[in-house]
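# What follows is a protein structure lacking sequence information:
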């Protein structure tokens with residue numbers, strides 16, 4: 001190691017968190033994770049990652065920990081792989097005089113209501129929306145837009161709390177649930193405001209933007225309504241040139257309107273008959289293993305690019321591979337359990353043996369109860385496939401996920417067990 005440190009403030013629980021630390025180490029920089037609970041991230045112990053336990057929601061305590069580390073060795077960069085802590089990491093980086101996104105722009109972007117206002121004001125296509133702080137206001141807004149509508153929190157990620165509501169009763173019930181929450185799933189105070197939005201039914205995509213460059217467009221597969229769980233991605237998306245251009249241009253306009261333009265941004269859109277509409281802009285790398293798909297399909301390592309940017313270096317974003325990559329996530333159709341270890345291992349092995357499948361994994365332990373996914377946390381496993389053309393990549397990923405599904409048993413769970 002060079003004696004320089006890359007500070008990582010909290011992490012996501014799956015995916016890129018581990019990769020951030022590994023990419024830093026590969027560059028000769030020591031990664032240090034500052035977090036409230038290292039046990040939240042299993043990879044920390046598995047990889048022997050250095051950690052500092054600190055209340056990351058306490059600005060003074062966090063700065064004291066950062067200052068102590070800076071006294072030990074030069075801090076070369078500050079990052080996070082968790083959407084919830086992007087503003088915190090940006091503020092710490094700015095205080096240290098290090099590269100990073102504008103902290104105020106990130107804070108505004110993370111508030112989906114403020115993001116909507118900024119984008120609409122800049123003429124970027126967005127769904128109709130209303131910001132409400134009471135149940136009655138949600139019902140009125142839904143009636144104005146016309147049912148069904150999407151009701152969701154103003155902060156969050158991974159489709160948490162996002163629901164399509166078909167009638168006024170569902171709007172009222174979901175609005176009441178969201179407005180009653182005082183903290184989010186991270187224990188951070190939740191704003192007492194929610195969004196009611198026009199439902200867009202066009203196909204969903206994301207554009208992975210780095211700086212102000214549209215790197216790649218991703219086709220997204222969403223599971224059964226009324227929730228919006230992403231169950232698969234295809235990279236790059238197969239689109240007519242005009243549609244591709246509309247998505248890319250809209251994504252970059254959104255990033256620029258929000259005052260971002262440093263590092264990665266994950267822009268989710270739907271392609272409507274009236275053009276591309278922004279669902280939301282996330283001032284971070286994509287989740288859902290999308291960076292890994294981009295690396296395999298395009299030869300562009302977005303995780304490394306983010307690390308290099310934090311270290312003040314210029315990343316290489318030129319496409320070096322011309323392949324197609326698909327991921328399919330395993331979710332449960334109904335309440336069930338994962339089968340015993342032997343059958344689980346066999347299912348994973350069979351999925352990995354499918355031609356073009358390059359990765360298959362199950363995240364849960366044998367015997368663990370599973371149920372229909374309400375958000376990203378309901379995913380049980382995944383398969384990734386890579387091929388020269390879109391169809392074989394998608395078909396292999398589908399086949400691998402179907403084989404993983406054989407490890408879920410729906411016959412051994414009684415109604416009483418399902419309610420336990």
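Happy to help now that I have it. It should be emphasised that the depicted structure is a prediction, and the values quoted were computed from it without experimental measurement.
# So, low pLDDT: which residues of this structure?
1-2, 14-15, 157-158, 183-189, 411-420 (pLDDT under 70).
# where do the helices sit along the stretch 1-150 of the chain?
16-26, 42-47, 59-72, 86-96, 103-110, 112-121, 135-145 (DSSP state H, counting those that start in this stretch).
# Would you reformat those helices as TSV and include distance to residue 345 and mean neighbour count?
(Each C-beta comes from the backbone N, C-alpha and C, glycine too.) Converted to TSV, the helices of the stretch 1-150 of the chain look like this (distance: least, Cβ to Cβ, whole Å; neighbours: other Cβ atoms under 10 Å):
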stretch	distance to residue 345	mean neighbour count
helix 16-26	22	21
helix 42-47	19	14
helix 59-72	41	14
helix 86-96	37	22
helix 103-110	40	20
helix 112-121	41	19
helix 135-145	47	18
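# okay, these in a markdown table with distance to residue 127 next?
Listed next are the helices of the stretch 1-150 of the chain as a markdown table, based on distance: least, Cβ to Cβ, whole Å:
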| stretch | distance to residue 127 |
| --- | --- |
| helix 16-26 | 28 |
| helix 42-47 | 37 |
| helix 59-72 | 34 |
| helix 86-96 | 23 |
| helix 103-110 | 17 |
| helix 112-121 | 8 |
| helix 135-145 | 9 |
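# Go through the ones you listed and name the closest to residue 303.
Checking these against residue 303 by Cβ to Cβ gives helix 16-26 as the closest, at 4.6 Å.
# any idea how far residue 138 is from residue 227?
To residue 227, residue 138 is 18 Å away according to Cβ to Cβ, to the nearest Å.
# for residue 353, that is, sorry about that
32 Å.
# Pick out whichever of the two has more residues nearby.
Ranked by neighbour count (other Cβ atoms under 10 Å), residue 353 and residue 227 place residue 227 first, with 18 against 11.
# The residue nearest the centre of the chain sits in which helix or strand?
The residue lying closest to the centre of the chain (Cα atoms, centre = their mean) is residue 287, at 3.2 Å. Using DSSP states H and E, residue 287 maps to neither a helix nor a strand.
# Verify the contact between it and residue 11 for me.
No - contact criterion Cβ atoms under 8 Å: residue 287 and residue 11 do not qualify, at 11.9 Å.
# chain center to stretch 194-202, what's the gap?
On the basis of Cα atoms, centre = their mean, to the nearest Å, stretch 194-202 sits 19 Å off its chain's mean C-alpha point.
# Run through who's touching that stretch.
Residues outside stretch 194-202 that contact it (Cβ atoms under 8 Å, 6 or more residues apart in numbering): 112-113, 116, 127-133, 138, 141-142, 145-146, 148-154, 164, 171, 175, 178-179, 270-273, 277, 279.
# how close does the residue nearest to residue 168 when sequence neighbours are not counted sit to residue 228?
Leaving out its chain neighbours, the residue that sits closest to residue 168 by Cβ to Cβ, 6 or more residues apart in numbering is residue 139, at 5.2 Å. As judged by Cβ to Cβ, residue 139 and residue 228 stand 21 Å apart.
# What residues sit buried inside stretch 25-45?
25, 27, 29-36, 38, 41, 43-44 (16 or more other Cβ atoms under 10 Å).
# tell me which of these is nearest to residue 307?
residue 27 (6.8 Å).
# pretty sure that closest one is in contact with residue 310, am I right?
No - Residue 27 is beyond contact range of residue 310, at 10.5 Å (criterion: Cβ under 8 Å).
# in the stretch 301-420 of the chain, which spans are helices?
Using DSSP H, counting those that start in this stretch, helices in the stretch 301-420 of the chain cover 302-310, 341-352, 390-405, 415-419.
# Going along the chain, name the strands of the stretch 101-250 of the chain.
129-132, 149-153, 163-165, 194-198, 204-210, 213-222, 230-235 (DSSP state E, counting those that start in this stretch).
# Now distance to residue 100 too, for the ones you listed, in CSV please.
As requested, the strands of the stretch 101-250 of the chain are exported to CSV (distance: least, Cβ to Cβ, whole Å):
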stretch, distance to residue 100
strand 129-132, 28
strand 149-153, 25
strand 163-165, 34
strand 194-198, 27
strand 204-210, 14
strand 213-222, 18
strand 230-235, 27
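# Much appreciated, bye for now.
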